[in-house]
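Novice: Fold the stuff below for me.
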Amino acid sequence: HLTLAATLANLAAAWKADQSAGVTLDAIRYGVESTELQGLADNMNSVQALRDALTKNGFVVRIGDVQQVPSSGLRFNMTLKGARP
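Specialist: The predicted structure follows:
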């Protein structure tokens, strides 16, 4: 289980490392068991790059719903869990 501080620190580190080009986060829902991210991305490559950066920063990541939004790109959900030691 990651604390809120650890979750935000790892998320920020992944965000900086990836530069998160083409990704905008709309919501972060923190929970003791998991954290959910919701956002918009230019394309699926951007979503996968963010997933990979989050994985490198201590998360187990599951990409949930991905929907095409006219003239906005892709709306996506990700669920983050702390990696097992």
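
Novice: Name the spans of this structure whose pLDDT lies under the cut-off.
Specialist: Counting by pLDDT under 70, the chain contains low-confidence residues at 18-20, 83-85.

Novice: could you pull out the helices for it?
Specialist: Secondary structure of the chain by DSSP state H: the helices cover 4-18, 44-56.

Novice: and the gap between S72 and T3?
Specialist: With distances taken as Cβ to Cβ, to the nearest Å, S72 is found 33 Å from T3. Any C-beta I mention is one placed from the backbone N, CA and C, and that applies to glycine too.

Novice: Stretch 53-61: which residues count as buried?
Specialist: The neighbour-count check on stretch 53-61 (16 or more other Cβ atoms under 10 Å) flags A53, L54, N57, G58, F59, V61 as buried.

Novice: Of those residues, just say which sits nearest to T7.
Specialist: Closest approach between the buried residues of stretch 53-61 and T7, by Cβ to Cβ: F59, at 8.5 Å.

Novice: isn't that closest one right next to L80, touching?
Specialist: Yes. Counting by Cβ atoms under 8 Å, L80 is a contact partner of F59 at 4.4 Å.

Novice: OK, contacts around D42?
Specialist: A21, G22, V23, G73, L74 (Cβ atoms under 8 Å, 6 or more residues apart in numbering).

Novice: Which of these has the largest number of neighbours?
Specialist: Highest neighbour count within the contacts of D42: V23, with 21 neighbours (other Cβ atoms under 10 Å).
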